[in-house]
Each structure stands twice: as structure tokens, then as C-alpha cells.
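Q: Predicted coordinates and the sequence they were generated for:
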Amino acid sequence: MSRRPPARRRPGPGRRPRRRKSAGSEALWTLAVAAVAVVSLVLALLRWLAAHPWVVVLGLLAAAGAGGAWAWRRKEAAQWERVRAQGLRYAVEQLDLLHHRQFEFAVRDLMHRDGCADAQQVGGRGDNGADVKATDPYGRRWVIQCKHRKDGWSGKPVGTPDLQVLNGTGRQIHGGDVLVMLTNGRITSNAADFATSQRLHLVDRKVLAQWAGGSRPLWELLRAVPPPRRPHPLS
């Protein structure tokens with residue numbers, strides 16, 4: 001005869017069935033144990049440092065030395081950068097060999113050499129007639145459009161239509177005080193007349209050679225540059 005399985009006991013009216021611990025409570029318990037361990041390690045470390053104060057002193061001295069060395073290297077690098085920038089020179093023949101985009105960067109670097117700390121190359125699609133923008137030490141905002149000619153003086157001259165683009169955007173869009181058309185080539189006489197009537201400034205191959213190969217800032221080589229917006233410490 002087969003035996004019947006014993007009947008399960010039902011909990012009495014005063015008893016409740018046991019429930020398994022939830023995963024959340026186990027996680028909290030693990031976290032609490034880990035926190036206690038971390039606090040114990042920190043306290044032990046603090047007690048050890050209190051017993052060995054020379055370690056703290058050495059650590060502070062090492063940190064101070066590393067910070068001083070970093071500051072000295074940064075100052076030295078800045079000094080060398082100023083020397084390099086001040087000594088920047090280009091022969092106009094070197095500029096002829098550049099790609100037109102490299103030509104714009106060279107103009108930016110020359111403006112930076114002259115003290116325009118924010119000089120930047122902005123030429124490209126949608127540049128609205130500006131290839132280089134910079135603020136000189138006197139607070140004047142420069143907007144420069146660059147026209148590079150591979151053949152230099154023998155290349156296509158810059159004409160009035162090119163100047164019209166600069167004249168239409170230099171002040172209204174870019175907020176320029178000094179609008180410059182710069183080329184390693186030549187500029188037509190009609191364009192020169194238009195520039196005079198619209199208070200535009202021209203840098204042709206001759207002026208560019210003098211500027212890039214010398215040490216005088218561009219505003220000392222141009223005529224009728226607007227007055228400074230603010231005084232300069234060296235003025």
C-alpha cells in the first residue's frame with residue numbers, strides 16, 4: 001500500500017510565515033560594512049600620521065616643490081613664446097610659397113607678434129569677408145581680408161569688388177575699427193580710390209614685405225588709422 005505524504009502544517013493564528021531577506025537589505029548591509037571598513041582605514045591612517053608627523057611635512061614640501069617647478073616651467077615657456085613671437089620674420093618670397101590658408105595663419109601670427117593677444121584666423125566658408133581678426137594694444141578692432149597670389153606682384157590684382165565685400169561686412173558684421181585688404185600682390189588704382197573714399201586700408205606686396213620682414217607693427221605703417229580706444233601702458 002502506498003503511503004500518503006504528510007500534510008503540511010499550517011501556521012497557527014499567532015504565527016506568521018518567515019520571509020526571505022530582500023536583495024535590497026543585503027545590499028545595504030554590504031554597503032554599511034564597506035563604509036565601516038573605509039572609516040576604520042582612514043582613522044588608522046590619521047593615527048599613523050599623527051605618530052609620524054615628519055611624513056606630513058615631507059609630503060607638503062614635495063607638493064610645494066612640484067607646484068613651484070610647474071609654475072617656473074610655465075613662466076619660462078611663456079617667456080620663450082614672447083621672444084619667439086617678437087622675433088617672427090617673414091620674407092615676402094616665403095609668403096608666396098604658402099597655401100592661401102597658411103598665408104592667413106601667417107598674418108595672424110604677425111598680428112600676435114605686434115601685441116594683439118586675441119589674434120585669430122577666421123577665414124573659410126561663411127567668413128563674411130574676414131580672414132583674420134584681432135584687437136591691438138590700443139583697443140582697436142582689426143578686420144583683415146587676405147588675398148594670396150601664387151605669382152606675387154605678377155598675379156591677378158585685387159580690385160574694387162573685393163573691397164566692396166570687406167566694406168559691406170567689416171564694420172556692420174565684424175564690428176571692425178580698422179578694415180584692411182592685405183595681399184602679397186598688387187591692388188588696382190580704382191580699388192585704391194575706393195578704399196580712400198570708404199576709409200579702408202590697403203597692404204600690398206611692398207607694405208607687406210616691410211611689415212613681415214621688420215619689427216614695426218602694422219598700425220605704424222598705415223596712414224589715417226583711427227585713434228586708440230584706450231591708452232596703452234607704453235604709449
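A: Happy to help now that I have it.
Q: can I have stretch 44-53 written out in CSV, keeping just the CAs?
A: Provided in CSV are the C-alpha atoms of stretch 44-53 (Å, rounded to 0.1, in the frame of the first residue of the first chain):
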residue,chain,number,x,y,z
ALA,A,44,44.1,54.2,11.3
LEU,A,45,45.9,56.3,8.7
LEU,A,46,45.3,59.5,10.7
ARG,A,47,46.6,57.9,13.8
TRP,A,48,49.7,56.7,12.0
LEU,A,49,50.3,60.2,10.5
ALA,A,50,49.8,61.7,14.0
ALA,A,51,52.5,59.4,15.2
HIS,A,52,54.8,60.2,12.3
PRO,A,53,54.3,64.0,11.6
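Q: Give me the contacts around it.
A: Residues outside stretch 44-53 that contact it (CB atoms under 8 Å, 6 or more residues apart in numbering): Val55, Val56. Any C-beta I mention is one placed from the backbone N, CA and C, and that applies to glycine too.
Q: hmm, which helix or strand of the chain has the shakiest average pLDDT?
A: helix 53-86 (a mean of 70; mean pLDDT, DSSP states H and E).
Q: quick one: Asp149 from Val92, how far?
A: To be clear, residue 149 is Arg; Asp isn't right here. 11 Å (CB to CB, to the nearest Å).
Q: Who has more neighbours out of those two?
A: Arg149 (20 against 17; other CB atoms under 10 Å).
Q: What degree of burial does the closest residue to the more buried one other than its chain neighbours show, as a neighbour count?
A: Counting by CB to CB, 6 or more residues apart in numbering, Gly155 is the residue found nearest to Arg149 once chain neighbours are left out, at 3.1 Å. By the measure other CB under 10 Å, the count of residues near Gly155 is 17.
Q: how far away is Asn167 from Ala106?
A: When Asn167 is compared with Ala106 (using CB to CB), they lie 24 Å apart.
Q: now swap in Lys147 and tell me
A: Taken as CB to CB, the span from Lys147 to Ala106 is 14 Å.
Q: for Ala134, same thing?
A: Ala134 is 13 Å from Ala106, by CB to CB.
Q: Pop the domain breakdown of the chain in here.
A: Listed by automatic domain parsing, the domain ranges of the chain are 27-85, 92-220.
Q: Need those domains in a markdown table (columns: distance to Arg229).
A: Formatted as a markdown table, these follow (distance: least, CB to CB, whole Å):
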| stretch | distance to Arg229 |
| --- | --- |
| domain 27-85 | 23 |
| domain 92-220 | 3 |
